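>>> Return atomic coordinates for the entry below.
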Amino acid sequence: MKLPIKLPTASVSRWVKGSRSLLPFTSPISSTRGRDNVLDKLLVFTPSHDVEGGNQSQSKSPLTSLLQLHYPLSSPDNDLLQEYTLPPQVSSGSTASSLRYNEDLLIEDMDMFAADVACRHVGGLEDKRLVTAHLERLEIMCHHHPLSRQHLPAGANGRLLTDVDLELSGQVVWVGRSSMEVLLEVCTALPKKLAGQHEGPSNNQDENGNANDEGIQYYGSQPNDNLYRQLVGRAQFVMATRTPDLTRAMQVQPLLPTNAHEESLFKEVQERTERKKRDAQQRHHQHTHDEATKHLSPHDPLTEEQRQACSHAYSSRSRGVEDVLMSSTARSQLVTTRYQDRNTTGSVFGGQLLCYGTTIGSDVATAHAGQPCQLVQLHDVAFIALAPLNCQLVLEGHIAYTEGPMMHVRAVVRRLSDHPNDGAQKSTPAPGAYVTTFWCTYTTASGDVVATVTPSTQAEFRDWSHAKSCIPLTVPAGAEAMLCS
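Residues are numbered from 1 along each chain as shown. Just a heads-up that it's a prediction; the model follows:
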């Protein structure tokens, strides 16, 4: 997803401070987690027209769901900057040190906000529920706060860039029968008077985020806007509608794009959805018709052809880089779900489950690399079942594939056991069942190359092949200039 969200002009929009009615998911979940102080400081941007419920067949414009949160990190009278950044981190062999964004908080906020955006499209929750069904991709483009950047843009007259605000924007860009995809973007909002003494981007930079000759990446500047935006993160959440008892899917109102930009976003998701279906069918056909492997169990060793495939893939690896068994990279943790992690349905909210994935993913990557690592992306996260409160979950992960400094981690969250007072619902998993599955990509903070991994069983080879062929192990576009080590 490369196209940015385009905000309407100020004449058809409004800013509201502390309007919790516009955040039916962020507000109650944040309150439960003791973060009312954050809610009271946010500005909410929304189109000026009211959201109409309508009937189940009424088409909705993407503008109906548009929503934006403004985090005033630069305001001297609040402590948001301290909450959304972490202390400096110095990696081995590096003297660079800078403030880092608190990625867990950003991920939690993005999950809650995706539900807020989807709720605007469906027009209310009187007769339905919204759940996070899938996370297509969540990319972190910039791990470090712009306050810590070492260079100054031209025209800044020697002044250091002060704390800059954050903006979280979201919009429904595609709708299926009972699900919808929500595109989210997190950007820094830098006043033009601090970025330089010019009225707009230079000739060497366009509105889609190409870097200009000053070394600063601007992104999605809007008409009549006094801000430059630097992309920090982007996510594509798939939200699904369910009946109040969460047992059946419910129809979603169709989406009706009204301009070329909205049509391009819709078409991009539609083509990707159809391509994924074709790829899944092809993989299933290959698995069931491959005479050499279709009778093998997940724990059986590799065939000679599979061993040769692994050897060929690593034939061009850097000197001094050794292979390690994939099984030796496995790590696990045990957690207990808490009451303060609940969502509006009474189960663990999706943002917390995503943080479980990054927790075990970071643990696996850091242990393998032997140094601090940075999250590059979450990909193909499947929310298989609800996680009840006050139950034990096992977090498991291992390195599936590496390329240079990049590591792709396969992680799962599964339920370990019931608790006498967990109040499990019909849709919660049985003990031992998967709750969520993840693919996480990390890179070493220093850029050092890491050891390659070798699968030894059929199950490990499937993970290795999937990570190698289906997931591009590259830093997201535009991140090369913003990742700080």
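
>>> drop to CA atoms for contacts and neighbour counts, all remaining ones
Fine.

>>> what about the longest strand seen in the chain, distance to the chain center?
The longest strand of the chain (DSSP state E) is strand 227-242. Relative to its chain's centre, strand 227-242 lies at 8 Å (Cα atoms, centre = their mean, to the nearest Å).

>>> which secondary structure elements does it contact?
Applying 3 or more Cα pairs under 8 Å, 6 or more residues apart in numbering; DSSP states H and E, one finds that strand 227-242 makes contact with helix 103-122, strand 129-140, strand 179-191, helix 192-195.

>>> The same query, at a cut-off of 7 Å, please.
Under the contact criterion of 3 or more Cα pairs under 7 Å, 6 or more residues apart in numbering; DSSP states H and E, strand 227-242 touches helix 103-122, strand 129-140, strand 179-191.

>>> Low-confidence stretches in the stretch 1-150 of the chain?
In the prediction, the stretch 1-150 of the chain carries residues with pLDDT under 70 at positions 1-4, 7-19, 48-57, 78, 88-99, 143-150.

>>> That one: strands as residue ranges?
Secondary structure of the stretch 1-150 of the chain, counting by DSSP state E, counting those that start in this stretch: strands at 13-17, 43-47, 67-71, 85-86, 100-101, 129-140.

>>> Mean neighbour count and distance to Thr258 for those strands - can I get that in a markdown table?
Formatted as a markdown table, those follow (neighbours: other Cα atoms under 10 Å; distance: least, Cα to Cα, whole Å):
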| stretch | mean neighbour count | distance to Thr258 |
| --- | --- | --- |
| strand 13-17 | 14 | 17 |
| strand 43-47 | 22 | 15 |
| strand 67-71 | 23 | 17 |
| strand 85-86 | 18 | 38 |
| strand 100-101 | 21 | 36 |
| strand 129-140 | 21 | 24 |
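
>>> want to throw those into JSON lines with distance to Arg338?
Formatted as JSON lines, the strands of the stretch 1-150 of the chain follow (distance: least, Cα to Cα, whole Å):
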{"stretch": "strand 13-17", "distance to Arg338": "30"}
{"stretch": "strand 43-47", "distance to Arg338": "29"}
{"stretch": "strand 67-71", "distance to Arg338": "27"}
{"stretch": "strand 85-86", "distance to Arg338": "24"}
{"stretch": "strand 100-101", "distance to Arg338": "25"}
{"stretch": "strand 129-140", "distance to Arg338": "19"}
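
>>> mind checking which of these is nearest Leu190?
Comparing those against Leu190 with Cα to Cα, the closest turns out to be strand 67-71 (12.1 Å).

>>> Centroid-nearest residue for the chain?
Nearest to the mean C-alpha position of the chain, counting by Cα atoms, centre = their mean, stands Leu138 at 2.4 Å.

>>> Now that one: closest residue in space, sequence neighbours ignored.
If the residues on either side of it in the chain are set aside, Leu138 comes closest to Ala235, at 4.1 Å by Cα to Cα, 6 or more residues apart in numbering.

>>> Domains in this structure, by residue range?
Following automatic domain parsing, one gets these domains for the chain: 13-199+206-263, 297-470.

>>> could those go into a markdown table alongside distance to Asp279?
Output for these, formatted as a markdown table (distance: least, Cα to Cα, whole Å):
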| stretch | distance to Asp279 |
| --- | --- |
| domain 13-199+206-263 | 15 |
| domain 297-470 | 10 |
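
>>> Give me the distance between the closest residue to Ala400 other than its chain neighbours and Leu69.
Spatial nearest neighbour of Ala400, chain neighbours left out: Trp464 (5.0 Å); criterion: Cα to Cα, 6+ apart. From Trp464 across to Leu69, the span is 39 Å (Cα to Cα, to the nearest Å).

>>> what are the ranges of the helices in this structure?
Ranges of helices in the chain, per DSSP state H, are 26-32, 36-39, 62-65, 80-84, 103-122, 192-195, 260-289, 304-313, 350-369, 458-470.

>>> Make TSV out of those helices and add distance to Gly404 and mean neighbour count.
Listed next are the helices of the chain as TSV, based on distance: least, Cα to Cα, whole Å; neighbours: other Cα atoms under 10 Å:
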stretch	distance to Gly404	mean neighbour count
helix 26-32	38	19
helix 36-39	39	16
helix 62-65	40	22
helix 80-84	30	17
helix 103-122	23	23
helix 192-195	34	18
helix 260-289	27	13
helix 304-313	13	12
helix 350-369	11	22
helix 458-470	13	17
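
>>> could I get those helices as TSV with distance to Leu378?
Formatted as TSV, those follow (distance: least, Cα to Cα, whole Å):
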stretch	distance to Leu378
helix 26-32	21
helix 36-39	25
helix 62-65	24
helix 80-84	20
helix 103-122	10
helix 192-195	31
helix 260-289	17
helix 304-313	24
helix 350-369	8
helix 458-470	12
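
>>> nearest to Cys440, of these?
Nearest to Cys440, of all the helices of the chain, is helix 350-369, at 6.4 Å by Cα to Cα.

>>> helices or strands next to the closest one in the packing?
Here helix 350-369 touches helix 103-122, strand 373-383, strand 392-403, strand 406-417, strand 434-444, going by 3+ Cα pairs under 7 Å, 6+ apart.
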